[in-house]
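**Student:** how does the following fold in three dimensions:
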Amino acid sequence: MTYCFRWARRTLTLLPFLPGCGQAVSRGTSTPLVPELMRDASKPRLSQAEWTQARARLAHLRSVQPARSYVERIRLTLRDPRSGQALQARGAVAVSPGNAVRMILLGPGGTTALDMWVTKSRFRFVLPALKLERRGGIDQAAWKGLPIGMLRWWFLSPLDGRLLLGRSSPLESSWVLRDGGSTVTLRTDGHRFLALRREGESVEAVEWVSRGLVPQAGEHGRYVEGRSGLQVDLFVEEVLPKEPYPEAFEDPDGESATSL
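**Tutor:** As a prediction, this is how the structure comes out:
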């Protein structure tokens, strides 16, 4: 009984932000994968001036990231190239920068299509329709086939990592970053961000169209898992003015870090 109450209380912290139920599963063809992810950032003849400018632009982007927690209402389409099916859902994602992200999506009839919780050290990923529930920590084997590594980098600490290489021109900049066991190649013209993340056998890509790294309505992007071709398109319908409740970022199962 205590467990049920705890689960209900923490789930309800996001319910005020959830819109109506999603649309039904439909068949459709996958759109092409993210094109021309990155031109070579390591080509020779990198001048000191270009290196300095690339470092300065990266430092500026890092300085304008959101500092407080926020909630976005989102619309999402997931395409599986193997089945040719597309699942559309709507819901909310709450982000505590550098700390945690919680996403709940509703499918047909208002049922939960996805419930995901990710922190720097732990995660919980649930797809009720597939009876899939997975928990883990920082071991990559625990999230094989799931976008946990990319989500941690993109939502919790975007642009984190040690700068290895950088190039810059009047129109765009590109960098190679080393983030723990992963290597991230990033390019942007200030409005369109392309990121390719490699860790072990995992290859993931994100394409994001935005007016900056501060969340705003109308932003949209695409995630592609390199091995399976799984594609997720996301559109931000609204960024709510109020911060989410702190309880939204607690472990949904109430487990402690030592229980993993």
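
**Student:** all helices of the protein, in order?
**Tutor:** Applying DSSP state H to the chain gives helices spanning 2-12, 48-63, 148-151.

**Student:** so what touches the second one?
**Tutor:** With contact meaning CB atoms under 8 Å, 6 or more residues apart in numbering, helix 48-63 is reached by 159, 163, 166-169, 173-175, 188, 213. C-beta here means a position set from N, CA and C on the backbone, and glycine is covered the same way.

**Student:** now for Trp153: which residues touch it?
**Tutor:** Contacts for Trp153 (CB under 8 Å, 6+ apart) come out as 160-161, 179, 182, 184, 197.

**Student:** I meant Leu186, not that one.
**Tutor:** Contact analysis of Leu186 by CB under 8 Å, 6+ apart lists 38, 159, 174-177, 193-196.

**Student:** adding neighbour count, distance to Val239 and pLDDT, write those out as JSON lines.
**Tutor:** Shown next, in JSON lines, are those (neighbours: other CB atoms under 10 Å; distance: CB to CB, whole Å; pLDDT from 0 to 100):
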{"residue": "Met38", "neighbour count": "16", "distance to Val239": "28", "pLDDT": "41"}
{"residue": "Leu159", "neighbour count": "21", "distance to Val239": "20", "pLDDT": "86"}
{"residue": "Ser174", "neighbour count": "22", "distance to Val239": "28", "pLDDT": "93"}
{"residue": "Trp175", "neighbour count": "25", "distance to Val239": "27", "pLDDT": "95"}
{"residue": "Val176", "neighbour count": "20", "distance to Val239": "31", "pLDDT": "95"}
{"residue": "Leu177", "neighbour count": "21", "distance to Val239": "26", "pLDDT": "95"}
{"residue": "Phe193", "neighbour count": "21", "distance to Val239": "17", "pLDDT": "91"}
{"residue": "Leu194", "neighbour count": "21", "distance to Val239": "23", "pLDDT": "92"}
{"residue": "Ala195", "neighbour count": "26", "distance to Val239": "21", "pLDDT": "91"}
{"residue": "Leu196", "neighbour count": "20", "distance to Val239": "27", "pLDDT": "92"}
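
**Student:** cool, thanks, talk later.
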